[in-house]
Each structure stands twice: as structure tokens, then as C-alpha cells.
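Asker: Here is the input, now give the coordinates:
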Amino acid sequence: MEAFNNVVLSIKDFLWGPIMLCLLIGTHVLLTIRTKVIQRKTFTGIKLSVTPDAEASGDIGGFAALATALAATIGTGNIVGVATAIGIGGPGAVFWMWFTGLLGMATKFGEATLAVKYRVKAADGSFIGGPMYALERGLGHKWLGVLFAIFTGIACFGIGNMTQANS
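Answerer: Purely as a prediction, here's the structure:
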């Protein structure tokens, strides 16, 4: 069992080290450039999404969609993560959280755009989408979507509510 634990720790150290940091920041910067700094439109978009539109159609209203997206993005992990970062890294961690958060808006925009672009309409008229559909329909590899769904299901058992239980 100790050998297995050492292998898992080696993989974790490799993946969650400087390589992952460079990939995340690099993706944020690339998408910020490719979207022509979409972050500047974010606050206008938030204002427009919470303003009622009588002519709008859809399954849910704008504010409900915004609240759901924020609830999925800002969870207990982020609250605990901020406290941990400040506790370990000091007040300078706040700057880096703001910096990566602002750049990360472009990445979140990209995720949402892919989810909307590759969603499918169900028989009852509702829409079904998400990363597994984007992987299947966007890249043309159904096995990637299936693999993502399986790993997400497994992760729910391993990490689902453990952040709340352990914080």
C-alpha cells in the first residue's frame, strides 16, 4: 500500500506543480488575448443579466442563470481556499487571487461558450449540455465525453461533499 501511495504522491507532485501553474496561467492569457479582453464586458453583462427582459424566452430567467453559474463557480472550496492561501502565503496571496481570477474570467467564458455551442435539444424541448457534449461534438471523440462523465461520477464519491465536511 505504501508503494501505491508513493506513486500517487509522485503523480500529484508532478501534475500540481509548476507545470499546472504554467498551463493554467498560459490558458488564461491565451483566451484573454483571443477573446480581445472579454473581462471588460463582464460587469456590463452581469448588469444586463439581472435586469428583467419581458421579451426573453427560455427555460429559466437571467438572474436564475447567473445565480446558478455563480453558485457552481463560487463554492465552499473557494471560501476555504482563500482563507488557506492567506494563512499560508500572507496578504500577497490576495493580489495573485485577484490577478488569476480576472484572467480566469476568459477561461470561464470559453467553457460557457462551448457548453452552449455544443448542447443538444432533448425530445421534450429542453437543452442538455456540458463538458461531455463539448468533448463529443466539438472534438468528435465520443469516448472522451464518456470518459469525462465516468471520472466526474467517480469524483463525486471521492470529493463530492468532503470540502464541506472537512472545513
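Asker: in what helix or strand does T113 lie?
Answerer: According to DSSP states H and E, T113 maps onto helix 92-117.
Asker: Remind me what that helix packs against, helices and strands.
Answerer: helix 18-34, helix 76-89, helix 131-133 (3 or more Cβ pairs under 8 Å, 6 or more residues apart in numbering; DSSP states H and E). Where C-beta positions appear, they are placed from N, C-alpha and C, glycine not excepted.
Asker: I'd like those as a markdown table, with mean neighbour count appended.
Answerer: Formatted as a markdown table, the helices and strands packed on helix 92-117 follow (neighbours: other Cβ atoms under 10 Å):
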| stretch | mean neighbour count |
| --- | --- |
| helix 18-34 | 13 |
| helix 76-89 | 13 |
| helix 131-133 | 19 |
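Asker: which of those helices has the lowest average pLDDT?
Answerer: Sorting these by mean pLDDT places helix 76-89 lowest, at a mean of 82.
Asker: Quick one: work out the angle between that helix and helix 92-117.
Answerer: For helix 76-89 and helix 92-117, the angle between their directions (axes from the mean of the first three to the mean of the last three Cα atoms, to 10 degrees) works out to 150 degrees.
Asker: ok, D124 - how many residues close by?
Answerer: 5 (other Cβ atoms under 10 Å).
Asker: ok, now G45?
Answerer: If you count neighbours by other Cβ under 10 Å, G45 ends up with 12.
Asker: What's the mean pLDDT across the one helix or strand it maps to?
Answerer: For G45, the host element (DSSP H and E) is helix 42-50. Taken as a whole, helix 42-50 has a mean pLDDT of 71.
Asker: tell me the domain boundaries of this protein?
Answerer: Listed by automatic domain parsing, the domain ranges of the chain are 1-51+60-106, 118-167.
Asker: Distance to A112 added to those domains, as a markdown table?
Answerer: What follows is the domains of the chain, written out as a markdown table (distance: least, Cβ to Cβ, whole Å):
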| stretch | distance to A112 |
| --- | --- |
| domain 1-51+60-106 | 7 |
| domain 118-167 | 10 |
